[in-house]
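In: here are the coordinates; sequence isn't available:
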């Protein structure tokens with residue numbers, strides 16, 4: 001009986017790290033988010049599109065009283081108009 005319990009205990013000890021590895025891998029995959037970057041030709045700088053930028057974009061649409069549209073569907077002229085507005089409103093980032 002002692003041998004059997006020793007083997008079970010050893011097996012459980014060896015299997016414990018293997019049981020937790022998939023959980024860590026799944027959590028890590030959830031954290032991975034591919035952020036997009038956009039180039040502003042007027043100011044020659046890059047903007048990372050994240051939650052903060054998305055909030056600013058929605059404020060822009062509200063201020064301009066424009067219908068909500070996906071950023072990627074805007075034409076180049078409309079995107080440049082947003083970047084001009086954004087550079088003048090960068091201090092309002094944490095308002096909401």
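Out: Perfect, thanks for sending it. This structure is a prediction, so every number in the text was calculated from the model and none was measured. Numbering: from 1, shown residues only.

In: got the contact list for residue 66?
Out: Contacts for residue 66 (C-beta atoms under 8 Å, 6 or more residues apart in numbering) come out as none. The C-beta positions use only the backbone N, C-alpha and C, and glycine is treated the same way.

In: er, residue 48 I mean
Out: Here residue 48 is in contact with 35, 36, 37 (C-beta under 8 Å, 6+ apart).

In: am I right that it sits in a strand?
Out: Yes: Residue 48: assigned to a strand according to DSSP: H, G, I helix; E, B strand; the rest coil.

In: and it, what are its bridge partners?
Out: With DSSP bridges applied, residue 48 shows beta-bridge pairing to residue 37.

In: just the residues contacting stretch 70-87, thanks.
Out: 38, 40-43, 47, 49, 53-54, 56-57, 60, 63-64.

In: list the buried residues of it.
Out: Using 16 or more other C-beta atoms under 10 Å as the test for burial, stretch 70-87 gives 71, 79, 82, 83, 86.

In: repeat that for stretch 54-68.
Out: Neighbour-count burial for stretch 54-68 flags 56, 57, 59, 60 (criterion: 16+ other C-beta under 10 Å).

In: now do the SS call for the third one.
Out: Pointing back at residue 59 there. Secondary structure for residue 59, judged by three-state DSSP, is helix.

In: roughly how far apart are it and residue 7?
Out: 64 Å (C-beta to C-beta, to the nearest Å).

In: how's this protein carved up into domains?
Out: Using automatic domain parsing, the domain parsing of the chain gives 1-32, 36-92.

In: and these, which one is worst for confidence?
Out: Note on the domains of the chain: lowest mean pLDDT is at domain 1-32, with a mean of 63.

In: what about residue 77, which helix or strand?
Out: Taking DSSP states H and E as the definition, residue 77 sits inside helix 76-88.

In: hey, where'd the strands end up in the protein?
Out: Secondary structure of the chain by DSSP state E: the strands cover 36-40, 45-49.

In: for the ones you listed, give me TSV that also has distance to residue 13.
Out: Below are the strands of the chain laid out as TSV (distance: least, C-beta to C-beta, whole Å):
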stretch	distance to residue 13
strand 36-40	45
strand 45-49	45
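
In: what's the closest of the ones you listed to residue 90?
Out: For residue 90, the closest of those is strand 45-49, at 10.6 Å, according to C-beta to C-beta.
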